[in-house]
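S.K.: Let me see the structure of the following:
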Amino acid sequence: MPSPRSIAGLAILILSAAASPPQAAVKELSGDRIPAANGDLIVHPVEHATLVIQWAKTTIYVDPVGGPAAFAELPRPELILITDIHADHFDLETLEGILFPAGKARIVAPKAVAQKLPEALRGGKTAILAAGEKVEVAGVVVEAVPAYNTTPQRQKFHPKGRGNGYLLQLGGKRLYVAGDTEDTPEMRKLQNVDVAFLPMNLPYTMSIEQAADAVRAFKPKIVYPYHFRSADGKKADLAQFEKLVGRDSGVEVRLRRWYP
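M.R.: From the prediction side, this is the model:
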């Protein structure tokens, strides 16, 4: 007869498996392929602020929300980046579902997010970064970049010091995921960015004019508009954004499907 301890352990495993997304039907990641050292970078939009980046054997989830089932067919992550506390960036149920059984995955988050994590996920599983701080996870160097509103009437949405954008160094490339932010001085001073993801939904982040002007200032080689739908369902005019960036900027604007 099994011991009470083994029965309890089996119950935990059964409950955990029931809460986790199925793993049998994982597909090869689709999306844009960007040449990099030791293999292409793959950019896979999910929805709104959520995306998956893959390089070599490393898979990165950015702001995974929407429930574990949304990620059931995607490769398990080695690294999870969370930019802010709002529900379109941070969802504990999704996070916990993704992390089982991928126990090796590390989380990188600002302090405000880490404070909302249960102790089991805080500990050594989460690297808490403030602006300017760096950590290396699975061969990827992650640096926190300030993400905040600069327009006085919008500062209530994203005060300075709470959220992060992230600069990623991998495969000899520099990627910038802006998170919830306007065109801050820190963004405009960025250099040598190969791929950037910029939000543009009012009143929460920035206008297409602000975003385009910032792009012309720091000149990423490729820019993806993302996070461009507001709470009322209205989407930013991406054609106008592309026009404002202009061909003379030397920046390639990639318009992809971020909303199913």
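S.K.: isn't there a strand covering Pro225?
M.R.: Yes: counting by DSSP: H, G, I helix; E, B strand; the rest coil, Pro225 is part of a strand.
S.K.: That one reaches Leu255, doesn't it?
M.R.: Yes: the pair Pro225 / Leu255 is scored as a contact, 6.7 Å apart, by CB atoms under 8 Å. C-beta here means a position set from N, CA and C on the backbone, and glycine is covered the same way.
S.K.: residue ranges of the strands in this structure, please?
M.R.: With strands called from DSSP state E, the chain shows them at 32-34, 41-47, 50-55, 58-62, 79-81, 106-109, 126-128, 134-137, 140-147, 163-170, 173-177, 195-199, 222-226, 252-253.
S.K.: circling back to that earlier point, show me the common contact partners of Pro225 and Leu255, please.
M.R.: Leu238 (CB atoms under 8 Å, 6 or more residues apart in numbering).
S.K.: Which of those two has more residues huddled nearby?
M.R.: Pro225 (26 against 13; other CB atoms under 10 Å).
S.K.: what pairs with that one across the strands?
M.R.: Leu198 (DSSP bridges).
S.K.: ok, it to Asp180 distance?
M.R.: 14 Å (CB to CB, to the nearest Å).
S.K.: ok, now Ala211?
M.R.: Applying CB to CB to Ala211 and Asp180 gives a distance of 13 Å.
S.K.: Need the overlap of contacts for the two.
M.R.: Pro199.
S.K.: Show me the one of the strands of the chain that comes nearest Asp232.
M.R.: Of all the strands of the chain, strand 195-199 sits nearest to Asp232, with 15.9 Å by CB to CB.
S.K.: Show me what the closest one is packed up against.
M.R.: strand 173-177, helix 208-218, strand 222-226 (3 or more CB pairs under 8 Å, 6 or more residues apart in numbering; DSSP states H and E).
S.K.: mind putting the ones you listed in JSON lines, distance to Leu244 included?
M.R.: Shown next, in JSON lines, are those (distance: least, CB to CB, whole Å):
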{"stretch": "strand 173-177", "distance to Leu244": "19"}
{"stretch": "helix 208-218", "distance to Leu244": "4"}
{"stretch": "strand 222-226", "distance to Leu244": "11"}
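S.K.: In a markdown table, list these along with distance to Val113 and mean pLDDT.
M.R.: Compiled in a markdown table, the helices and strands packed on strand 195-199 are given as follows (distance: least, CB to CB, whole Å; pLDDT from 0 to 100):
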| stretch | distance to Val113 | mean pLDDT |
| --- | --- | --- |
| strand 173-177 | 14 | 98 |
| helix 208-218 | 24 | 98 |
| strand 222-226 | 19 | 98 |
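S.K.: Tell me which of those lies nearest to Ala70.
M.R.: Checking the helices and strands packed on strand 195-199 against Ala70 by CB to CB gives strand 222-226 as the closest, at 16.1 Å.
S.K.: what comes into contact with that closest one?
M.R.: Contacts for strand 222-226 (CB under 8 Å, 6+ apart): 34, 43, 45, 48-49, 51, 194-200, 211, 215, 236, 238, 241, 245, 251-256, 258.
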